[in-house]
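# pasting the sequence and the predicted model now:
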Amino acid sequence: MPKAERKGWSVCSPAIAVNQLSVELCIVTMKEEKTSPDESTSPKTEQKKAQEKKLYDIEFYHDWCKACGICIAFCPKHIIIADKNGKPHIEDPDACIGCRFCEVHCPDFAITVCDRQPRRRKDDI
């Protein structure tokens, strides 16, 4: 393949060009943010991520559900479990990542996943 000159460096193949461009973009981004790779694991960063994490409400329409277990099998975080009747139940809704995989694959349309809204009143459940 013929060599091409671009922005002061030579490129032998498109794959190398993409890799070099990715490295340059990464360096520029890190300079703009003024962070280092070691800084991303600091406790302050983890606290910010925890505060910024989106929360989701998952509703099951048990009248529609036939307890097939597809949602339990497909959940990537394994937070959907079966209750004593085999119907889906969530112990820790804050662990939901909002992928909506359970909602999309439910054959009975018995699951709804939506963004959690802030409570407006004290007596909201």
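Nice, thanks for sending it over. Residues are numbered from 1 along each chain as shown.
# any stretches of the protein with poor pLDDT?
Counting by pLDDT under 70, the chain contains low-confidence ranges at 1-51, 124-125.
# where along it do the helices fall?
In order along the chain, the chain carries the following helices (DSSP state H): 14-33, 43-52, 70-74, 101-105.
# what comes into contact with the last one?
Right, the one you point to is helix 101-105. Residues outside helix 101-105 that contact it (Cβ atoms under 8 Å, 6 or more residues apart in numbering): 58, 70-71, 74-76, 80, 88, 111-113. C-beta: built from backbone N, CA, C; applies to glycine.
# report the two of the residues you listed separated the most.
Within the contacts of helix 101-105, Pro76 and Thr112 form the most distant pair, 18.0 Å apart (Cβ to Cβ).
# ok, Asp115 to Lys54 distance?
In this structure, Asp115 lies at 6 Å from Lys54, with Cβ to Cβ, to the nearest Å as the measure.
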